[in-house]
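Q: Just need the structure, nothing else, for what follows:
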Amino acid sequence: MAQVLLGKEVNASLNERIKADAEALKAKGIQPALGIIRVGERGDDISYEKGAMKRCATLGVEVKQYLLPADVTQETLMATIDEVNQDDSIHGVLMFRPLPKHLDEEACCQALDPEKDVDGITDGSMAGVFTGQKKGFPPCTPQACMEILDHYQIDCKGKKAVVIGRSLVVGKPAAMMLIKKNATVTICHTKTVDMPAVCREADILIVAAGRAGVVDKEYFAPGQVVIDVGINVNDEGKLCGDVKYEDAEAIVGAITPVPGGVGTVTTSVLVGHVVEAAKRKCGK
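A: Model prediction:
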């Protein structure tokens, strides 16, 4: 039976550290604050927003919301982004995507100040991920994967790591972050030949395929650590990952559950980035 890598245990440790940092900043007259830009009323955006606001309140971070109608003009949204960029009381910004199709999402993302980009959506933040410099912040989901590995003391040095997925949201930044941990990394994608064989060679397998249960027993080997990033709804209406959990649990050494794994940690990572942005801003 595989060890279950529970997100709530990672959160307990991570949140303690974030809260202590926020309190230290407030003792010096600095109130960490998150600005949330939401266009429209998408249910998944609102759900994540509520979770983020609740986590911020728990950890001592203020929130300022910028709620715009779904038919907002490009000019108004860009003016809002400029407003949060210029507001020194806001240290981090979360802008929900995808934006409505009439908006130029790329232009909006790049207009955001990388120093406030706590969700890794700007080219500046991505440059920081690839160069290892403290410029902007990595996307929260791959950072959550790294927090799980760190918490459970899973040493990546010299290990073979495989990442399924090559998006800039998860796959590519996760690969770069694993390299920073001195792993030897392979990225798999839809054109990979005999992907199951490649994955069976991995010591650490991060799955961000974007399809429910697509990774089954053919992909696993004894002793592996499997991090399942996927969040899907199956035919029974239940949340599930990209990994067939029952298949993996019977073979691998450790695995994150869905729900209760990576997604649980992501919101804390976001709040942690806001506090870190406040620390960088004041040079503390």
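Q: What are the structural domain limits within the protein?
A: Using automatic domain parsing, the domain parsing of the chain gives 29-113, 140-263.
Q: now, of those, which is deepest in the fold?
A: Scoring the domains of the chain by mean neighbour count under mean count of other C-beta atoms under 10 Å gives domain 140-263 as the most buried, with a mean of 19. In this view, the C-beta of every residue, glycine as well, is placed from N, C-alpha and C.
Q: Same list, the domains of the chain, but as CSV with mean pLDDT and distance to Leu270 please.
A: Converted to CSV, these look like this (pLDDT from 0 to 100; distance: least, C-beta to C-beta, whole Å):
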stretch, mean pLDDT, distance to Leu270
domain 29-113, 97, 6
domain 140-263, 96, 5
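Q: Including distance to Phe130, could those go into JSON lines?
A: Listed next are those as JSON lines, based on distance: least, C-beta to C-beta, whole Å:
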{"stretch": "domain 29-113", "distance to Phe130": "16"}
{"stretch": "domain 140-263", "distance to Phe130": "6"}
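Q: between these, which one is nearest to Thr122?
A: For the domains of the chain, the distance to Thr122 is smallest for domain 29-113, at 5.5 Å, taking C-beta to C-beta.
Q: so which of the domains of the chain gets nearest Lys281?
A: For these, proximity to Lys281 was assessed by C-beta to C-beta; domain 29-113 is nearest, at 5.8 Å.
Q: what about that closest one, how long is it end to end?
A: Chord length of domain 29-113, first to last residue, is 23 Å (C-alpha to C-alpha, to the nearest Å).
Q: same question, stretch 188-201
A: First residue to last in stretch 188-201 (C-alpha to C-alpha) measures 12 Å.
Q: cool, stretch 239-256 as well?
A: So stretch 239-256: terminal residues 14 Å apart, C-alpha to C-alpha.
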